[in-house]
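1. What follows is a predicted protein model with its sequence.
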Amino acid sequence: MIEFLFAPLEYSFMLRALVGSALVGVMCPLVGAYVVTRSLAFIGDALAHAVLPGMVLGFMVGINPTLAAVPTGVSVAMLVRFLSRRAGLSADTTIGILFAAMFALGLMMMSMVDTITIDVEDLLLGQILAISPAGIYISLAITGLVILGLFLFHHWLMFTSFDPVGSQVIGRRTHVVDYVLLALLALVIVIGIQAAGVVLVMAMLVIPAATAYLLAGRFVSIMLTAAALGMAASVTGLYLSFHFNLPAGPAMTLVATGIFLLVASFRRRVLA
């Protein structure tokens with residue numbers, strides 16, 4: 001057991017991966033608690049796909065793809081809310097349009113890149129073991145922004161999540177809060193893509209938060225429990241990927257899913 005825990009830490013790439021996976025495991029579920037409360041799981045998946053053009057552009061111009069994905073993700077998140085209000089369309093419809101358009105644009109950009117090799121599997125499934133020191137610094141900076149945003153807007157976010165009508169009645173600018181939440185969501189998705197990739201990042205947003213809803217009652221407790229579960233799932237998945245030569249993103253997702261199924265089964269037996 002001791003060798004299982006400490007042998008991977010002899011490698012510098014594993015130390016970076018451990019920091020990166022811990023950030024993903026904590027930050028995605030923290031924002032994911034709001035996502036689950038507002039039933040916004042689909043927008044998380046859509047934003048994860050919509051940042052693809054930004055990441056490809058990063059490869060094309062020679063900058064870190066994570067850094068290039070930040071303005072793309074935030075811009076698309078803002079555009080979702082803007083078009084929903086301006087065109088009078090439902091959020092799901094707007095998300096579907098932008099998701100399809102941005103992902104198609106990213107794929108077209110990839111087909112136009114002949115001089116740069118872009119590993120599609122790394123983009124879709126993540127490659128936390130290949131994260132660079134620059135990627136860690138970018139993730140830490142984004143984490144700081146998200147934590148600051150949650151600290152400043154937590155009460156507004158919680159109020160509008162549980163009582164959107166009441167928040168409008170007392171004069172809260174709910175559209176501003178929606179913009180803030182979408183921006184924070186876009187930022188944590190950019191962090192998560194490094195570990196879980198475009199396809200699986202939604203799992204780290206939703207599954208630990210959904211599990212926490214089965215275990216805790218108060219919203220703050222749900223957020224903290226989700227963060228703890230997310231860190232446990234991401235770190236455990238990372239160790240499993242190292243020792244058994246498995247892709248890290250899917251391993252993290254399956255561990256998180258296993259925890260959810262265990263908690264759901266145990267809770268059902270207790271209630272029965």
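-> Everything's here; your move.
2. What strand or helix carries the closest residue to F153 other than its chain neighbours?
-> Leaving aside its sequence neighbours, F153 sits nearest to V180 (Cβ to Cβ, 6 or more residues apart in numbering; 5.1 Å). Heads up, the C-betas are built off the backbone N, CA and C, glycines and all. Assigned by DSSP states H and E, V180 belongs to helix 174-215.
3. following that helix, which helix or strand comes up?
-> Counting by DSSP H and E, what follows helix 174-215 is helix 219-244.
4. tell me the average confidence for the next helix or strand after that following helix?
-> Downstream of helix 219-244, the first helix or strand assigned by DSSP H and E is helix 248-271. Predicted confidence along helix 248-271 averages 83 (mean pLDDT).
5. List the buried residues in the helix or strand harbouring H155.
-> Assigned by DSSP H and E, H155 falls within helix 133-162. Buried residues in helix 133-162, counted by 16 or more other Cβ atoms under 10 Å: 135-136, 138-139, 142-143, 146, 149-150, 153, 156-161.
6. Could you do stretch 251-261 as well?
-> A251, M252, T253, L254, V255, A256, I259, F260.
7. cool, stretch 64-73 as well?
-> N64, P65, T66, L67, A68, A69, V70, T72, G73.
8. need the contact list for the nearest residue to T72 once chain neighbours are set aside.
-> Take T72 and drop its neighbours on the chain: the residue closest to it by Cβ to Cβ, 6+ apart is G54, 2.9 Å away. Counting by Cβ atoms under 8 Å, 6 or more residues apart in numbering, G54 makes contact with P65, A68, A69, V70, P71, T72, G73.
9. and G54, what element?
-> Under the criterion of DSSP H and E, G54 resides in helix 52-61.
10. C-terminal to that helix, what's the next element?
-> Helix 52-61 is succeeded, C-terminally, by helix 65-87 (DSSP H and E).
11. tell me the mean pLDDT for that following helix?
-> Mean predicted confidence for helix 65-87 is 82.
12. which residues sit against that helix?
-> 43, 46-47, 50-51, 53-59, 61, 89-91, 94-95, 97-98, 102, 135, 138-139, 142, 175, 178-179, 182-183, 185-187, 189-191, 193-194.
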